[in-house]
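Q: whatever this is, show me its structure:
(one chain, ligands or ions: 2)
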Amino acid sequence: MATGKINVSVENIFPLIKKFLYSDHEIFLRELISNATDATLKLKHLTSIGEAKVEYGHPIIEVKIDKKGKKLHIIDQGIGMTQEEVKKYINEVAFSGAEEFLDKYKDAEKDSGIIGHFGLGFYSSFMVAKKVEIHTKSYQDEPAAHWSCDGTPEFTLKKGKKEDRGTEIILHLADDSEEFLEETRIRELLTKYNKFMPIPIKFGTRTETLPKPEGAKEEDPAPTKEVDDIINNPKPAWTKKPADLKEEDYKKFYRELYPMQFEEPLFNIHLNVDYPFNLTGILYFPKLTNDLNIQKDRIQLYQNQVFVTDNVEGIVPEFLTMLRGVIDSPDIPLNVSRSYLQADSAVKKIASYISRKVADKLNSLFKDNREDFEAKWNDIKIVIEYGMLSEEKFFEKAEAFALYPTVDGNYFTFEELKEKIAPAQTDKDDKLVVLYASDKEAQHSYIEAAKTQGYEVLLLDSPIVGHLLQKLETSKEKVSFARVDADHLDNLIKKDDTKISKLSDEEKEKLKTQIEEAVGEKGYTVQLETMDSNAAPFIITEPEFMRRMKEMQQTGGGG
Ligand code: ADP
Ligand code: MG
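A: Ligands and ions are numbered 1, 2, ... in the order given. Below you'll find the model as predicted:
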């Protein structure tokens with residue numbers, strides 16, 4: 001038996017831990033389950049390299065509530081600790097055993113998935129407990145250890161009674177933390193933080209209905225059996241290889257992530273990098289129209305399958321925060337402020353990788369099945385247009401797949417549109433004039449008028465279209481957009497009379513003089529321009545200022 005004092009520096013740290021270590025007290029459970037997971041994964045690693053000569057088996061982690069005793073138990077079957085190790089790893093606050101383990105087994109880091117980093121996780125249990133006990137037995141042939149501490153720096157460490165390998169943490173909950181004795185509260189936390197952790201987590205039991213035995217009567221009840229209630233899916237879709245997943249698996253995982261979401265996602269993007277940073281994940285394009293859950297069902301950020309946050313601002317490019325899904329990266333620094341995150345170069349790389357992957361996926365969807373892409377355009381355009389506005393690189397990539405629908409339901413890329421309308425819709429200064437409507441009903445007659453003149457009219461009705469047009473006008477040379485009911489429309493369109501006129505220049509000049517004489521009044525302009533069309537053979541227009549002057553004379557303006 002040993003008694004002693006935890007490292008002197010701790011004396012002042014305890015109250016700090018309690019108040020400030022994590023603003024959210026509830027994360028103590030995440031930390032303890034992370035440690036239990038680490039301990040199990042370490043054992044897995046050591047048995048796989050033959051250093052631990054024990055059977056790995058099928059270890060689980062168990063969470064138990066003792067309501068009467070006001071205790072919470074977290075039990076694992078991992079490597080356990082010897083008394084020496086408890087001294088070293090538990091008593092030295094901020095001395096992270098995980099860090100040391102990774103140092104020693106460096107090459108294991110990538111695939112071992114070990115979570116701990118800061119060496120403070122364990123002490124977060126003092127945010128909710130007035131006393132913490134550890135019963136632990138190492139995988140090595142050594143006596144068990146029992147450590148106990150009531151929140152002051154004094155602790156006791158003695159030989160323990162635990163017989164099976166692993167660690168049991170017992171939290172004697174503080175009076176103000178009794179909410180953690182409620183089954184629903186613990187279940188809520190487990191679902192939030194541990195739903196996709198790699199080791200099965202048991203929380204109570206549930207009744208499973210078995211198939212009826214042969215020859216059973218109709219009225220016989222089906223037999224049941226009590227089984228462990230495993231709250232997590234230890235192998236979520238994003239940890240698998242894309243080649244091993246079918247469309248249905250992605251949809252199933254979407255429902256796992258968002259159980260209240262009944263709308264199917266439009267498509268998914270599986271992310272998978274290991275250089276120059278580690279990142280895996282699956283992003284989904286949801287149907288965004290009229291979706292009230294847009295704020296609630298957001299992209300979730302994980303580190304080694306532990307939920308961290310669903311606020312991915314600064315990590316995922318802003319225009320993609322409308323997507324759903326998960327990203328998992330051990331390389332995102334989390335103990336830092338948001339503004340620091342945005343400036344961090346690793347995080348910048350991650351954001352630009354994500355945006356590139358999304359652009360590539362959109363491009364391949366467009367190429368592989370254009371019809372399908374066009375059908376989805378209305379649901380995905382907001383994200384794409386927003387991306388084009390906010391990121392130059394995305395704008396360039398989107399050239400290939402951004403669509404411009406016409407009022408008749410045709411979809412053009414900008415290049416296709418240009419080719420199609422250039423002959424008829426180029427103005428005197430060689431500028432391409434793109435006509436568009438924003439409201440098909442309200443602008444109906446203008447749309448029809450433009451169409452009879454042979455012009456294409458786009459239907460652009462997303463809320464940010466004004467900004468998008470401005471962006472297109474400034475980034476493309478010689479392009480201007482005009483709303484179909486704009487009054488300056490006629491002036492914009494170049495009437496190429498040399499091409500369509502059947503008359504020679506000389507004949508036209510003669511005809512023009514004849515018409516002018518016939519009209520007899522000065523102040524009118526005669527234009528011969530639609531000579532071979534079904535429309536009027538020539539038009540006579542009056543300049544705006546002439547019309548106004550005459551109006552003034554008629555109303556007796558001269559006195
Ligand atoms: P970290 O996980 O960042 O290393 P913690 O404070 O969470 O820091 O844990 C400190 C150390 O205590 C761990 O690194 C590990 O060596 C040891 N430890 C904690 N919980 C367990 C456990 N359940 N089984 C075995 N060792 C544990
Ligand atoms: Mg830890």
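Q: what's whichever strand or helix holds residue 256 in contact with?
A: Residue 256 is part of helix 247-257, with elements assigned from DSSP states H and E. Defining contact as C-beta atoms under 8 Å, 6 or more residues apart in numbering, one finds that helix 247-257 is touched by 195, 233, 236-238, 261, 264-265, 268, 270, 282, 284, 297, 300, 324-326. (Glycine included, C-beta is placed from N, CA and C.)
Q: in this structure, which residue sits nearest ligand 2?
A: The nearest approach of the chain to ligand 2 comes at residue 121, 2.9 Å away (C-beta to the ion).
Q: gap between that residue and ligand 1?
A: Here residue 121 is placed at a distance of 3 Å from ligand 1 (C-beta to the nearest ligand atom, to the nearest Å).
Q: my guess is that residue contacts residue 35, does it?
A: Yes: applying C-beta atoms under 8 Å, one finds residue 121 in contact with residue 35, separated by 6.1 Å.
Q: mind listing what residue 44 touches?
A: By C-beta under 8 Å, 6+ apart, the neighbours of residue 44 are residue 56.
Q: how far away is it from ligand 1?
A: On the measure of C-beta to the nearest ligand atom, residue 44 and ligand 1 end up 13 Å apart.
Q: before we move on, the earlier item: and the helix holding residue 256, what's buried?
A: 250, 253, 254, 257 (16 or more other C-beta atoms under 10 Å).
Q: could you do stretch 464-474 as well?
A: The neighbour-count criterion (16+ other C-beta under 10 Å) identifies 465, 468, 469, 471, 472 as the buried residues of stretch 464-474.
Q: can you flag which of those residues belong to helices?
A: 465, 468, 469, 471, 472 (DSSP state H).
Q: using JSON lines, please lay out those together with pLDDT and distance to ligand 2.
A: Putting these into JSON lines (pLDDT from 0 to 100; distance: C-beta to the ion, whole Å) gives the following:
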{"residue": "465", "pLDDT": "83", "distance to ligand 2": "50"}
{"residue": "468", "pLDDT": "90", "distance to ligand 2": "47"}
{"residue": "469", "pLDDT": "89", "distance to ligand 2": "52"}
{"residue": "471", "pLDDT": "92", "distance to ligand 2": "47"}
{"residue": "472", "pLDDT": "92", "distance to ligand 2": "51"}
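Q: mind putting those in CSV, distance to ligand 1 included?
A: Listed next are those as CSV, based on distance: C-beta to the nearest ligand atom, whole Å:
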residue, distance to ligand 1
465, 50
468, 47
469, 52
471, 47
472, 51
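Q: hang on, the earlier thing: same list (the buried residues of helix 247-257) but as TSV, adding distance to ligand 2.
A: Shown next, in TSV, are the buried residues of helix 247-257 (distance: C-beta to the ion, whole Å):
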residue	distance to ligand 2
250	32
253	27
254	30
257	25
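Q: contacts with ligand 1 among these, please.
A: Contacts with ligand 1 are made by none of the buried residues of helix 247-257, judged by C-beta under 6 Å from any ligand atom.
Q: isn't residue 29 right up against residue 191?
A: No: when contacts are counted by C-beta under 8 Å, residue 29 is not listed as touching residue 191 (11.3 Å).
Q: neighbour count: these two, which is higher?
A: The neighbour count for residue 29 versus residue 191, taken as other C-beta atoms under 10 Å, is higher for residue 29 (24 against 14).
Q: SS state for the more buried one?
A: helix (DSSP: H, G, I helix; E, B strand; the rest coil).
Q: which SSE is immediately downstream of the worst-scoring helix or strand of the chain on mean pLDDT?
A: Least confident element among the helices and strands of the chain, by mean pLDDT, DSSP states H and E: helix 497-500 (a mean of 44). Downstream of helix 497-500, the first helix or strand assigned by DSSP H and E is helix 505-519.
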